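Participant: Sequence first, then the predicted structure, then my questions.
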Amino acid sequence: MQEQIFHLQYAMDTFYFLVCGALVMWMAAGFAMLEAGLVRAKNTTEILTKNVSLYAIACIMYLVCGYEFMYGGGYFLSGIGAVDVDATLTEFAGREDGFTGGAIYSKASDFFFQVVFVATAMSIVSGAVAERMKLWAFLAFAVVMTAVIYPMEGSWTWGGNAVFGLYSLGDDFGFSDFAGSGIVHMAGAAAALAGVLLLGARKGKYSKDGKAIAIPGSNMPLATIGTLILWMGWFGFNGGSVLKLGDIGNANSVAMVFLNTNAAAAAGAVAAMILSVVLFRKADLTMVLNGALAGLVAITAEPSTPTALQATLFGAVAGVIVVVSILMMDKVKIDDPVGAISVHGVVGFFGLMLVPLTKEGTSFVGQLVGAATIFVWVFGTSLIVWYVLKLVMGIRVSEEAEYEGVDASECGIEAYPEFVSSVK
């Protein structure tokens, strides 16, 4: 009987992992659509090319070495192989929690679930550097980011390893990040910020007196669809991070995570819309979209312990923060076409700081140490990599190519040939 329970739980938890991983993979489409809608028509094909390519690169590099750096037990050289049923039964029977306590699932499903998170972190970089970065420089950075930079900080957090042997974020400081407000989202934003600082603003973004000039996106319906795809995929992002479904307690936890994730996103969208009306006298759609994403990022650090009311309040505050942050980024001339640094970086940090409000055993000091470790490592190493790429191959397209659109210089294909004539 116990063996049958194990088989059923193993199958349920593995299947749940795979389904949630597929939902997170679908977020790649969300990022592609969101970014394609928020850039100008002449840069659409290149942004789509980047999103498809970065996902493929992330999958390959995490398989080659990233998973090994983060968790050990890499699959590229050793192979996954068939599961030894008897050995697996013996392993879990000998655990203190027995067959039905902890999560039990295929290691291959764990790899698949983790690799789509890597791609998500890299997707954040794509939008922030849009409309003026060389395609191959971006893809070269994607190789390093997904093979080394992200897996290393992941090994110190979810992997449970000490930071360069000096201190443990989990054991020494009680750092907690349920599904990656810091580990995934703030990390992606830190890498993006390093690139943007070296890259500079788009031509015409700021006037001679320093005022920001709005550069509207080409396709708001596409951006809206992208946001809704991300919203849906986030249920896999947060829900899958429960890591288990095969018992009553964890099933209820999954349901609560779904509920809180949805509530935070809804509140973020509404709060951002209200603030945009107050500030601009108009309901700014881009702020509404980023408000929803901000709510999702904020709740990602801990979606299982807040009440639904708390999750709603957290999302609303995140929606306000992201609008203010986007405006402040323009004040300091950090040109981010899609608001990725604000949504994923500023709000990602805010999400980490919310954890001690609802989760026992965590502290603001521990969360600050974890956030600082992630940011310093990712920003520092990314800045070095971007700088090396700038020296070796250059990271910014020519002024002429930027004016004509990077679709022409980088891809040679127009996204909307009926409406623009940039490719010669």
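Facilitator: Arrived safely, thanks for sending. Since the model is a prediction, treat every value here as computed from it, not as a measurement.

Participant: pLDDT below threshold where in the stretch 101-250 of the chain?
Facilitator: For the stretch 101-250 of the chain, the stretches flagged by pLDDT under 70 are 101-104.

Participant: Helices along that one, start to end?
Facilitator: Along the stretch 101-250 of the chain, counting by DSSP state H, counting those that start in this stretch, helices occupy 107-128, 135-144, 150-156, 187-199, 220-239, 248-280.

Participant: can you put these in TSV and add mean neighbour count and distance to Phe314?
Facilitator: Quick note: C-beta positions are derived from backbone N, CA and C, even for glycine. Below are the helices of the stretch 101-250 of the chain laid out as TSV (neighbours: other C-beta atoms under 10 Å; distance: least, C-beta to C-beta, whole Å):
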stretch	mean neighbour count	distance to Phe314
helix 107-128	24	20
helix 135-144	20	31
helix 150-156	24	24
helix 187-199	25	18
helix 220-239	21	13
helix 248-280	20	6
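
Participant: And these: which comes nearest Ile5?
Facilitator: Closest to Ile5 of the helices of the stretch 101-250 of the chain is helix 248-280 (C-beta to C-beta; 13.4 Å).

Participant: re the thing from before, put together JSON lines for the helices of the stretch 101-250 of the chain, with distance to Ile47 on each row.
Facilitator: Shown next, in JSON lines, are these (distance: least, C-beta to C-beta, whole Å):
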{"stretch": "helix 107-128", "distance to Ile47": "7"}
{"stretch": "helix 135-144", "distance to Ile47": "10"}
{"stretch": "helix 150-156", "distance to Ile47": "21"}
{"stretch": "helix 187-199", "distance to Ile47": "14"}
{"stretch": "helix 220-239", "distance to Ile47": "11"}
{"stretch": "helix 248-280", "distance to Ile47": "23"}
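
Participant: ok, Glu399 to Glu414 distance?
Facilitator: Glu399 sits 20 Å away from Glu414, going by C-beta to C-beta, to the nearest Å.

Participant: next one: Ala190
Facilitator: Counting by C-beta to C-beta - Ala190 and Glu414 are separated by 33 Å.

Participant: returning to that earlier point: between the helices of the stretch 101-250 of the chain, which one is closest to Leu352.
Facilitator: Short answer: helix 187-199, nearest of the helices of the stretch 101-250 of the chain by C-beta to C-beta, at 11.5 Å.

Participant: what's the closest one packed up against?
Facilitator: helix 107-128, helix 340, helix 364-392 (3 or more C-beta pairs under 8 Å, 6 or more residues apart in numbering; DSSP states H and E).

Participant: Okay, buried residues for the longest one please.
Facilitator: The neighbour-count check on helix 364-392 (16 or more other C-beta atoms under 10 Å) flags 366-367, 369-371, 373-375, 377-379, 381-383, 385-386, 389-390 as buried.

Participant: same thing with stretch 41-58?
Facilitator: Buried residues in stretch 41-58 (16+ other C-beta under 10 Å): 41-51, 53-55, 57-58.

Participant: Quick one: mean pLDDT over it.
Facilitator: Over the span of stretch 41-58, the pLDDT mean works out to 97.

Participant: again, but for stretch 16-34
Facilitator: Stretch 16-34 comes out at a mean pLDDT of 96.

Participant: One more: stretch 257-273?
Facilitator: pLDDT averaged over stretch 257-273 gives 98.

Participant: Can you name the residues in contact with it?
Facilitator: For stretch 257-273, the external contacting residues (C-beta atoms under 8 Å, 6 or more residues apart in numbering) are 231, 234-235, 238-239, 241-242, 283-284, 287-296, 298-300, 303-304, 306, 308, 311-320, 322-323.

Participant: Of these, which belong to helices?
Facilitator: 231, 234-235, 238-239, 287-296, 298-300, 308, 311-320, 322-323 (DSSP state H).

Participant: Fine by me, we can end here.
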